[in-house]
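Undergrad: Output the structure for:
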Amino acid sequence: MKREENEIKSDYIVGFVDGEGTFNLIKYPDGRIRPQFLLFNTNKEILERIKETLNLNCPIFEVVRINDVIKRRKKCYRLQSRSEEEIRKIISFFDKHLPILKYKDYLIFKEAYSRWILDRNI
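TA: From the prediction side, this is the model:
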């Protein structure tokens, strides 16, 4: 089976996320917790290719640097995934291709997702 032209190998994505990604939890004042997956890089194309490979439909934002007095730094971009469907795809991928350095963060993220879904369906 031929890989799509822009599709990236799973091992590359895992390594990239271990270095440039975050399995994040948003904590609301009322105690709710919501999972969020973030991936940062100065190369927007690589984020687009990872997004395409994982079949995500989430935005990629330019990160605004406050107090950037040098004004010569490269632009930085952030892939931000927060929706239930997107997080489910991310968990499905990382269940098959476990992160190495961020393994514990991933387990906390996955557990928070399960609680988030359970709380929303009560």
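Undergrad: can you pull out the strands in the protein?
TA: Remark: strands assigned in the chain by DSSP state E are 21-27, 33-41, 60-63, 76-81.
Undergrad: mind listing what the first one pairs with, with the direction of each?
TA: Yep, that's strand 21-27 we're talking about. strand 33-41 (antiparallel) (DSSP bridges).
Undergrad: Buried residues, the partner strand. List them.
TA: Arg34, Pro35, Gln36, Phe37, Leu38, Leu39, Asn41 (16 or more other Cβ atoms under 10 Å). All C-beta atoms are positioned from the backbone trio N, CA, C, and that covers glycine.
Undergrad: on that earlier part again, for the strands of the chain, which one sits closest to Ile91?
TA: Nearest to Ile91 among the strands of the chain is strand 33-41 (8.7 Å), distances taken as Cβ to Cβ.
Undergrad: ok, and what's touching that closest one?
TA: Residues from elsewhere that reach strand 33-41 (Cβ atoms under 8 Å, 6 or more residues apart in numbering): 16-17, 20-28, 47, 50, 63, 76-82, 86-87, 90, 109, 112-113, 115-116.
Undergrad: the inter-axis angle of it versus strand 76-81?
TA: Interaxial angle of strand 33-41 relative to strand 76-81 (axes from the mean of the first three to the mean of the last three Cα atoms, to 10 degrees): 150 degrees.
Undergrad: Please save the CA atoms from the longest helix along the chain in PDB.
TA: Longest helix of the chain, by residue count under DSSP state H: helix 103-120. Output in PDB follows, covering the C-alpha atoms of helix 103-120 (Å, rounded to 0.1, in the frame of the first residue of the first chain):
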ATOM      1  CA  TYR A 103       4.400   8.800  28.400                       C
ATOM      2  CA  LYS A 104       3.200   9.800  31.900                       C
ATOM      3  CA  ASP A 105       1.800  13.100  30.600                       C
ATOM      4  CA  TYR A 106      -0.100  11.100  27.900                       C
ATOM      5  CA  LEU A 107      -1.600   8.700  30.500                       C
ATOM      6  CA  ILE A 108      -2.800  11.700  32.600                       C
ATOM      7  CA  PHE A 109      -4.200  13.300  29.400                       C
ATOM      8  CA  LYS A 110      -6.000  10.100  28.400                       C
ATOM      9  CA  GLU A 111      -7.500   9.600  31.900                       C
ATOM     10  CA  ALA A 112      -8.700  13.300  31.900                       C
ATOM     11  CA  TYR A 113     -10.300  12.700  28.500                       C
ATOM     12  CA  SER A 114     -12.300   9.700  29.900                       C
ATOM     13  CA  ARG A 115     -13.500  11.700  32.900                       C
ATOM     14  CA  TRP A 116     -14.300  14.700  30.600                       C
ATOM     15  CA  ILE A 117     -16.500  12.500  28.400                       C
ATOM     16  CA  LEU A 118     -18.100  10.800  31.300                       C
ATOM     17  CA  ASP A 119     -18.900  14.100  33.000                       C
ATOM     18  CA  ARG A 120     -20.400  15.500  29.800                       C
END
